[in-house]
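Q: show me how the following folds:
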Amino acid sequence: MIGNGKKDTAVIVVRDVDAVAAALREELARAADTERPGLERALALAEAQYGVPDAELRGRWAARRITAGGYEGPLDAVAAVKALRQAEPGLGLRQAVQLSREAAAVPGAGAEA
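A: You can find the predicted model right below:
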């Protein structure tokens, strides 16, 4: 057996945009005229998420986790990896490094988080 014995825990991207969009369409179908603009905008925002790559979704998640503890530096720095592993102790070093790189690649991720 090669390695440190710690299994890498996969970070799985869960997409529920289909369910959210369907619920918004249902509400839009029976909405009053005053509610329609807001529901139409919400539906457009939900549908815009269909094409977002998994790496970007993971990167957004990682950026939120990295900055949740107060970290404010570059998202792919060693300190960011440490902050991510403190926030998510089940992550292996390799995974945390990859996730921090994905976070750094997301435009504005540090500002959004």
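
Q: could you pull out the strands for the chain?
A: Ranges of strands within the chain: none, based on DSSP state E.

Q: longest helix in it, by residue count?
A: helix 54-68 (DSSP state H).

Q: residue nearest the centroid of the protein?
A: Closest residue to the average C-alpha location of the chain: residue 61 at 3.0 Å, with CA atoms, centre = their mean.

Q: list the contacts of the longest helix of the chain.
A: Contacts of helix 54-68 with the rest of the structure, by CB atoms under 8 Å, 6 or more residues apart in numbering, involve 11, 13, 15, 75, 80, 83-84, 87-88, 99-100, 102-106, 109-110, 112-113. (Glycine included, C-beta is placed from N, CA and C.)

Q: just the buried residues out of those residues, in ChimeraX syntax.
A: In ChimeraX, this line selects whichever of the contacts of helix 54-68 come out buried by 16 or more other CB atoms under 10 Å:
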select :11,75,80,83,84,87,88,99,100,102,103,104,106,109,110,113
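
Q: inside helices: which ones of the contacts of helix 54-68?
A: Secondary structure assignment (DSSP H) places 80, 83-84, 87, 99-100, 102-105, 109-110, 112 from the contacts of helix 54-68 within helices.

Q: for these, which one is nearest residue 31?
A: Out of these, the one with the shortest distance to residue 31 is residue 112. That distance is 29.0 Å, counting by CB to CB.

Q: just the pLDDT for that closest one.
A: Reported pLDDT at residue 112 in the predicted model: 45.

Q: please apply the same query to residue 43.
A: Each residue has a pLDDT score; the one for residue 43 is 94.

Q: measure the nearest residue to residue 109 once chain neighbours are set aside to residue 87 for me?
A: Using CB to CB, 6 or more residues apart in numbering and skipping residues adjacent in sequence, the residue nearest residue 109 is residue 63, 3.8 Å away. Relative to residue 87, residue 63 is positioned 11 Å away (criterion: CB to CB, to the nearest Å).

Q: again, but for residue 25
A: Computed as CB to CB, the residue 25 to residue 87 distance reads 35 Å.
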